[in-house]
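>>> Attaching a predicted model along with its sequence, questions to come.
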There are 2 protein chains.
Amino acid sequence: VGTAHAAETTLPAAAVKTAEQLRDRALTDDTAYRVLDSLTTEVGPRLAGSPADQRARDWAVAKLKELGFDKVYTEPVSYPLWQRRSEHGAIVAPFAQPLVLTALGYSPGTPAGGLTAEVVKFDSLDALKAADPAQVKGKLVYIGFRMQRHKDGADYRFGSAIRTMGPPLAAAKGAAGFLLRSAGTDADSRTPHAGVTGFRDPRQPAIPAAALSNPDADQLERVLAYGKPVTVRLDLDCGIVGEYTGANVIGEITGRKHPDQVVAIGGHLDSWDPGTGAIDDAAGVAIAMGAAKLIHDLPKRPDRTIRVIAFANEEMGLWGARAYADKHAGEVGKFQLGSESDFGAGPIWRMSASVKPEARGAIAQIAALLAPIGVQYEPGQPGGGGSDLSQMHVRGMAALSLTQDGTHYFDWHHTANDTLDKIVPKELAQNVAVYATFAYLAAQADGDFGSAPGAFTGDGARE
Amino acid sequence: VGTAHAAETTLPAAAVKTAEQLRDRALTDDTAYRVLDSLTTEVGPRLAGSPADQRARDWAVAKLKELGFDKVYTEPVSYPLWQRRSEHGAIVAPFAQPLVLTALGYSPGTPAGGLTAEVVKFDSLDALKAADPAQVKGKLVYIGFRMQRHKDGADYRFGSAIRTMGPPLAAAKGAAGFLLRSAGTDADSRTPHAGVTGFRDPRQPAIPAAALSNPDADQLERVLAYGKPVTVRLDLDCGIVGEYTGANVIGEITGRKHPDQVVAIGGHLDSWDPGTGAIDDAAGVAIAMGAAKLIHDLPKRPDRTIRVIAFANEEMGLWGARAYADKHAGEVGKFQLGSESDFGAGPIWRMSASVKPEARGAIAQIAALLAPIGVQYEPGQPGGGGSDLSQMHVRGMAALSLTQDGTHYFDWHHTANDTLDKIVPKELAQNVAVYATFAYLAAQADGDFGSAPGAFTGDGARE
Ligand SMILES: [Zn+2]
Ligand SMILES: [Zn+2]
Ligand SMILES: [Zn+2]
Ligand SMILES: [Zn+2]
């Protein structure tokens, strides 16, 4: 590209050709599927801090070595240790019957014998905010917001806000407990959606909090509609019992020319415990490992290092991500480009980037290679790097957003139904193709993408 | 019909006209839906012998009275009292993780601390039959048959045979316990399918028996495929604790001319406990009540009695049905015609009948009225009367089979997902239209349909 400005970041023609081959090879490669199968079968559910936390780390170290990564290591991460032991719920009156629910992350347990209280219903977080504490005191607050399916999962913004902010708000108003209609789009499935609350700090006053499955929320609302007082018993044996030290697990394909410059990809290793965490987020781990493995298998190592990060405890508050960013913020300029997958394994249909202006041409070239496999580039939008890598992006790492089709993601997200059967191997392979293509091209670029401390502050990326 | 043979059963023209109006009215009537909503909301799950057994009977008596039935009464039925208290399962080795399962009806509990044993897998009941007892002794037998969706639910024949006959067969060969892949077509849902085993007699040697959800069965099979010994822990607190006396609940619209001659319709009142028994079988109860209510609301009572029977404890072995048939076999000749709904609330698409030859013309006339709403008459096939009324049919009651579209029935059957949201109100109304039409015409017929002791022995009806 003879007319390019000196500062322009460019992609060598040979790299583009190799990337094209990588992309096509990825579409028929099953490494990622086998990794995903292995993690969900051999470890299964892996709640942060549970005995499966250690097993998952052992698995990740062994798998990275087995795949031939040049360097495999861990970096410790500490987090509150929350345990789920048992959970039951029931309508006591006027129509006695069980309710299917799941305790939310950091929820304390109920007293022995359970907590029985009258239910007071709100339709939104705002309605609870506006409520007179006298309405709420001693009651079981229930918020009944219904999420609808969207390709980009837009409604999760509301559902997750209710789940995280609702319990502390209800506690502050003197509520005895908190229930919500699950933040999930599976309207007809009795699989409640787990997820974290805002009760992260054990010194904070907290109340028992749980999610009802959608049909159970329907049932509770039908019973409430009779207009009689409705009492519910909540029997949760769970809570924060101390602190735990886990680790981020990291594997690298070492760069030949610039080993200290890294392209960061990854996912999170932990999962909620009802399911085996296939879409959330064995998929992310598998996509990153599968993409890096394809690059590993090239005749030559890439110019820069490909770093796969399997983050610790994303689910209960980005603990691995924050520890990673705290530790590595000083080297943010060495992070060439990063993107993490944490939205299942539906086909990636949208790409956006936060990079320096002089790298826009290179990004457009990457996008041109991805267009034939269904990815549409939105040059006007920022790229946030994904859930955990967002923490490096806010420190100044150049980042992509690679958005999967999440139409059905919130049918299964954080439920017992997040299992291997939800993965469509061909769609997973398309994800690997996207990650392998961008990671390789970023590693081979002549020039950088603009990573520097605070480089993208205020770019509007939201993860 | 001037040329009719003297013995021919005929339908008066006025009755046909009224039946047509009833049919059309039924299509926009929501009585059945409101009944179904009421039973599943106010009683919820109603396992035979549980506290909800009594509540369901109270509900049925009150509902029949509220709907204006002329006569409402109960007839006692005794059955073994089986209780489910708690149930847990887990793979212990080589990959420790929980399994979602549900104890099967009449299963005994496991010893305190659970039963831990190695799994031995079979693909079919025949393979287990052929097995050397040495292969099975002390093991946890697992049968992995997969049901596929069919409009007529054909695969349930295999699934239910494994569930009922598998456990006694495994016990006879010395197995420690029994597991099956759920008899259900929801391949991707972690909702195990309850159901009865063949351990009805408490004196019979029995072993703990449970059903894995389909994804859990997939997981167990994946783990078995590693080729290492797989041990599973089963922790079931359940079992037969005595005998219980419930009742069939019966409501009648009393016939004006022949009050002692009855058209019998109904469903069963009990349900499995994971769900609220909407498709199985609040639907049957609601369809019968809704159809009878439309006939009740006509300006005049029908010539014969319309009898709605809400049977006790169908699920654990047709207890209400057998008690009913034992009590009423002597009056079988007074049962004009009967059919029961126990296959959900999908549209009825097929009708067949076991009647005397001289009533074939009347049946064809009924069928002609049902053809416009999607029911296809199969004159060559017998009619068995449905699950509970089959017991009257085998004694000689003339009967119809009215087959619903059951494509999705076994997605939800006997699971937590059998809830109100699975009912499509318009499809339920079509069922009511069919039942109201046939019941009214049978009540108004000039002549009978051939009921007499042993009249249909060997007709090939299978329910
Ligand atoms: Zn995630
Ligand atoms: Zn998550
Ligand atoms: Zn049934
Ligand atoms: Zn049933």
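Looks like it arrived, so ask away. Ligands and ions are numbered 1, 2, ... in the order given.

>>> How many residues are close by residue A:46?
Residue crowding around residue A:46 was assessed by other CB atoms under 10 Å in any protein chain shown; the count is 28. The way it works is simple: take the backbone N, C-alpha and C, and place the C-beta from them, glycine included.

>>> roughly how far apart are it and residue A:270?
6 Å (CB to CB, to the nearest Å).

>>> Between these two, which contacts overlap?
A:53, A:56, A:277 (CB atoms under 8 Å, 6 or more residues apart in numbering or on different chains).

>>> so who does the nearest residue to the second one once chain neighbours are set aside touch?
Once flanking residues are discounted, residue A:56 sits nearest to residue A:46: 4.2 Å by CB to CB, 6 or more residues apart in numbering or on different chains. Residue A:46 sits next to A:52, A:53, A:55, A:56, A:269, A:270, A:271, A:273, A:277 when contact means CB under 8 Å, 6+ apart.

>>> Please flag which of the residues you listed sit within helices.
A:52, A:53, A:55, A:56 (DSSP state H).

>>> Farthest pair within the residues you listed?
Greatest spacing in the ones in helices among the contacts of residue A:46, by CB to CB: A:53 and A:55 (7.3 Å).

>>> Neighbours of residue A:446, how many?
14.

>>> Likewise for residue A:149?
Other residues within reach of residue A:149, judged by other CB under 10 Å, total 16.

>>> quick one, phi/psi of the residue nearest to it when sequence neighbours are not counted?
Using CB to CB, 6+ apart and skipping the chain neighbours, the partner closest in space to residue A:149 is residue A:185 (4.6 Å). Residue A:185 adopts backbone torsions of phi -100, psi 10, taken as degrees, to the nearest 10.

>>> residue boundaries of the helices in chain A?
Using DSSP H, the helices of chain A run over A:13-26, A:31-38, A:51-66, A:125-130, A:133-136, A:156-172, A:214-224, A:283-296, A:319-328, A:360-370, A:390-393, A:409-412, A:425-444.

>>> looking at the ones you listed, which is buried most?
With neighbours defined as mean count of other CB atoms under 10 Å in any protein chain shown, the helices of chain A peak in mean count at helix A:283-296, which reaches a mean of 28.

>>> Just the CA atoms of that helix, as PDB, please.
C-alpha atoms of helix A:283-296 as PDB (Å, rounded to 0.1, in the frame of the first residue of the first chain):
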ATOM      1  CA  ALA A 283     -17.600 -21.500  24.700                       C
ATOM      2  CA  GLY A 284     -15.400 -18.400  25.200                       C
ATOM      3  CA  VAL A 285     -12.600 -20.500  26.600                       C
ATOM      4  CA  ALA A 286     -12.900 -23.000  23.700                       C
ATOM      5  CA  ILE A 287     -13.100 -20.400  21.000                       C
ATOM      6  CA  ALA A 288      -9.900 -18.800  22.200                       C
ATOM      7  CA  MET A 289      -8.100 -22.100  22.700                       C
ATOM      8  CA  GLY A 290      -9.300 -23.300  19.300                       C
ATOM      9  CA  ALA A 291      -8.300 -20.100  17.500                       C
ATOM     10  CA  ALA A 292      -4.800 -20.000  19.200                       C
ATOM     11  CA  LYS A 293      -4.300 -23.700  18.400                       C
ATOM     12  CA  LEU A 294      -4.800 -23.000  14.700                       C
ATOM     13  CA  ILE A 295      -2.200 -20.200  14.800                       C
ATOM     14  CA  HIS A 296       0.100 -22.600  16.800                       C
END
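
>>> Where does the prediction get shaky in chain A?
Scanning chain A for pLDDT under 70 picks out A:1-6, A:462-463.

>>> Report the contact partners of whichever residue of the stretch 351-463 of chain A sits closest to ligand 1.
Residue of the stretch 351-463 of chain A nearest ligand 1, by CB to the ion: residue A:387 (5.8 Å). Applying CB under 8 Å, 6+ apart, we find residue A:387 in contact with A:268, A:314, A:318, A:321, A:340, A:342, A:463.

>>> And the residue nearest the centre of chain A?
In chain A, the C-alpha nearest the mean C-alpha coordinate belongs to residue A:342, at 4.1 Å (CA atoms, centre = their mean).

>>> got the contact list for that one?
By CB under 8 Å, 6+ apart, residue A:342 lies in contact with A:267, A:268, A:280, A:281, A:284, A:314, A:386, A:387, A:388.

>>> From what I see, residue A:274 and residue A:413 are in contact.
No. With contact defined as CB atoms under 8 Å, residue A:274 does not count as touching residue A:413 (10.7 Å).

>>> sorry, back to before: quick check: the nearest residue to the residue of the stretch 351-463 of chain A closest to ligand 1 once chain neighbours are set aside vs chain B, distance?
Distance criterion CB to CB, 6+ apart; nearest residue to residue A:387, sequence neighbours excluded, is residue A:342 at 4.2 Å. Between residue A:342 and chain B the distance is 21 Å, computed by CB to the nearest CB, to the nearest Å.

>>> for residue A:12, same thing?
Distance, residue A:12 to chain B, using CB to the nearest CB: 43 Å.

>>> residues contacting that residue?
Residue A:12 makes contact with A:444, A:445, A:446 under the criterion CB under 8 Å, 6+ apart.

>>> tell me which of these is nearest to residue A:199?
Looking across those and measuring by CB to CB, the closest to residue A:199 is residue A:445, at 44.0 Å.

>>> How many residues are close by that closest one?
24.

>>> pretty sure it is touching residue A:10, no?
Yes. Using CB under 8 Å, residue A:445 is in contact with residue A:10, at 6.9 Å.

>>> shared neighbours, these two?
Common neighbours of residue A:445 and residue A:10, counting by CB under 8 Å, 6+ apart, are residue A:362.

>>> Relative to residue B:21, how far out is the residue of the stretch 1-150 of chain A at minimum distance from ligand 3?
Nearest to ligand 3, among the residues of the stretch 1-150 of chain A, is residue A:97, at 19.2 Å (CB to the ion). Residue A:97 is 39 Å from residue B:21, where distance means CB to CB.

>>> Please look at residue A:248 and residue A:310 and confirm they touch.
Yes. Using CB under 8 Å, residue A:248 is in contact with residue A:310, at 6.8 Å.

>>> Mind checking which of those two has more residues around it?
Shown here are residue A:248 and residue A:310; by other CB under 10 Å, residue A:310 has more neighbours (31 against 26).

>>> Tell me the residues on the stretch 51-200 of chain A that lie near chain B, please.
Contact residues, the stretch 51-200 of chain A versus chain B (CB under 8 Å from any CB of the partner chain): A:51-52, A:55, A:95-98, A:100, A:187-191.

>>> that older thread, columns distance to residue A:111 on top of the helices of chain A, output as CSV?
Formatted as CSV, those follow (distance: least, CB to CB, whole Å):
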stretch, distance to residue A:111
helix A:13-26, 54
helix A:31-38, 41
helix A:51-66, 27
helix A:125-130, 24
helix A:133-136, 19
helix A:156-172, 16
helix A:214-224, 22
helix A:283-296, 39
helix A:319-328, 29
helix A:360-370, 55
helix A:390-393, 38
helix A:409-412, 33
helix A:425-444, 45
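
>>> Quick check: which of those helices is nearest to residue A:146?
helix A:214-224 (7.6 Å).

>>> and that closest one, what does it pack onto?
Under the contact criterion of 3 or more CB pairs under 8 Å, 6 or more residues apart in numbering or on different chains; DSSP states H and E, helix A:214-224 touches strand A:71-93, strand A:97-99, strand A:115-122, strand A:177-181, helix B:31-42.

>>> before we move on, back to that, residue B:133 is nearest to which of the helices of chain A?
Per CB to CB, nearest to residue B:133 of the helices of chain A: helix A:31-38, 34.7 Å.
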